[in-house]
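A.B. asks: need a 3D model of the sequence below.
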Amino acid sequence: MDLSPDSISRLLLGQRLTGEVINAYFDLLQKRADHGEKPCIKTFDTFVWIAFKNFGFKAITDRLKNTDLSAIDLLLIPHHSIERQHWSLAVADLRSRAIIWFDSYFDDCVKGISDLRSILQQLFPKEDMTSWPAWMAASPKQPPKNYTDCGVYTCVFAEAVSRKAEIRLSPKQLRGLHLRITLKNQLFAERASSIALTPSKIRLACRTLYPPPSSSLARSVTTLRPNVLQRMRAYLNKYQDKAHPKPFFLKDHPTKRERLYPRDIIRILNSVTS
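C.D. replies: Coordinates of the predicted model:
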């Protein structure tokens, strides 16, 4: 792996990762996917945001040469905030038509989501990108006062999402050093492998796998009628293992038009009383 001495030292000495390291790791994820791993992904480099701002849509098309977008399930884009010196991950789920943001700080991602909508709107001019839901995913957070591992977590998130696996880290991994060593080993071996504690892929839509940190609907519903619970259980039996489950609507609740998916239903069934 051709990395500069500065990038390697930052990785090993607990400093913020350079874009060079993140781009190298995303390249490994792309190579893994290109060799038959599912889902089909397309990764972008860290320069795509500034390139889109400076050169417009051509910066995107240049990066998509020889790419059949109709075959792509997920777009994975590392995002760097210059103001905050912070890395996060943007994911466009092209099958479920959703935007999911992964941030180890759970910081504000409104501007990033807006920029991604602009990119997607030009990629898919017939789509109304304002109708695509977008949220910050529930994902592991950096330990308090840890301001340097955001790039490492971004790579961890991308690795899990690229194989549609849950993101679960051990207490040892959460401290960061273990993740850095794992990342270094994979970069030097030039082979991406599972980092999170879920090596096998999960047959769920990404919007179900990576819900928001909390569900306002799940918090608000404390009592449900028996027939509603029965409908929920029937829905779960039918769609829990589907890659693209249809939404469930809670018809007799004030928020009846909110779409629910299997993960939401599981959360509600675990918290309600009949």
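A.B. asks: can you give me the distance of Arg84 to Gly112?
C.D. replies: 11 Å (C-beta to C-beta, to the nearest Å). For glycine as for every other residue, the C-beta is placed from the backbone atoms N, C-alpha and C.
A.B. asks: correction: the previous question concerned Gln122.
C.D. replies: Taken as C-beta to C-beta, the span from Gln122 to Gly112 is 16 Å.
A.B. asks: now do Lys172
C.D. replies: Lys172 is 30 Å from Gly112, by C-beta to C-beta.
A.B. asks: so for those two, which sits in the more crowded spot?
C.D. replies: Gly112 (22 against 10; other C-beta atoms under 10 Å).
A.B. asks: for Leu76, which three-state class applies?
C.D. replies: State at Leu76, reduced to three classes by DSSP: H, G, I helix; E, B strand; the rest coil: strand.
A.B. asks: that one and Leu29 touch, don't they?
C.D. replies: Yes: contact criterion C-beta atoms under 8 Å: Leu76 and Leu29 qualify, at 7.2 Å.
A.B. asks: could you tell me which residues touch both of the two?
C.D. replies: Common contact partners of Leu76 and Leu29 (C-beta atoms under 8 Å, 6 or more residues apart in numbering): Ile41, Thr43, Ala158, Ser162.
A.B. asks: quick one, phi psi at the third one?
C.D. replies: If I follow you right, that is Ala158. Here is the backbone geometry of Ala158 (degrees, to the nearest 10): phi -60, psi -40.
A.B. asks: do the first one as well
C.D. replies: In terms of degrees, to the nearest 10, the main-chain angles of Ile41 are phi -120, psi 160.
A.B. asks: that one: neighbour count?
C.D. replies: 23.
A.B. asks: any idea how far it is from Arg175?
C.D. replies: Taking C-beta to C-beta, one finds Ile41 at 28 Å from Arg175.
A.B. asks: what segments of the stretch 151-274 of the chain are helices?
C.D. replies: Using DSSP state H, counting those that start in this stretch, the helices of the stretch 151-274 of the chain run over 171-174, 177-189, 206-209, 216-220, 226-239, 262-271.
A.B. asks: quick one: closest of the ones you listed to Arg117.
C.D. replies: Closest of the helices of the stretch 151-274 of the chain to Arg117 is helix 206-209, at 16.1 Å (criterion: C-beta to C-beta).
A.B. asks: ok so, going back, dump the helices of the stretch 151-274 of the chain into CSV; add mean pLDDT and distance to Lys65 as well.
C.D. replies: Rendered in CSV, the data for the helices of the stretch 151-274 of the chain read as follows (pLDDT from 0 to 100; distance: least, C-beta to C-beta, whole Å):
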stretch, mean pLDDT, distance to Lys65
helix 171-174, 82, 37
helix 177-189, 94, 25
helix 206-209, 72, 25
helix 216-220, 39, 42
helix 226-239, 84, 37
helix 262-271, 72, 36
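A.B. asks: most packed of the ones you listed?
C.D. replies: helix 206-209 (a mean of 22; mean count of other C-beta atoms under 10 Å).
A.B. asks: re earlier: will you turn the helices of the stretch 151-274 of the chain into TSV that also has distance to His80?
C.D. replies: Formatted as TSV, the helices of the stretch 151-274 of the chain follow (distance: least, C-beta to C-beta, whole Å):
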stretch	distance to His80
helix 171-174	22
helix 177-189	17
helix 206-209	22
helix 216-220	30
helix 226-239	37
helix 262-271	29
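A.B. asks: so for Ala134, which of the ones you listed sits nearest?
C.D. replies: helix 206-209 (10.3 Å).
A.B. asks: the stretch 1-150 of the chain: helices as residue ranges?
C.D. replies: Under DSSP H, counting those that start in this stretch, the stretch 1-150 of the chain gives helices at 5-12, 19-34, 48-55, 58-63, 110-123, 150-161.
A.B. asks: those helices into JSON lines, with extra columns for distance to Glu190 and mean pLDDT?
C.D. replies: Listed next are the helices of the stretch 1-150 of the chain as JSON lines, based on distance: least, C-beta to C-beta, whole Å; pLDDT from 0 to 100:
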{"stretch": "helix 5-12", "distance to Glu190": "14", "mean pLDDT": "95"}
{"stretch": "helix 19-34", "distance to Glu190": "7", "mean pLDDT": "97"}
{"stretch": "helix 48-55", "distance to Glu190": "23", "mean pLDDT": "93"}
{"stretch": "helix 58-63", "distance to Glu190": "21", "mean pLDDT": "92"}
{"stretch": "helix 110-123", "distance to Glu190": "29", "mean pLDDT": "92"}
{"stretch": "helix 150-161", "distance to Glu190": "15", "mean pLDDT": "95"}
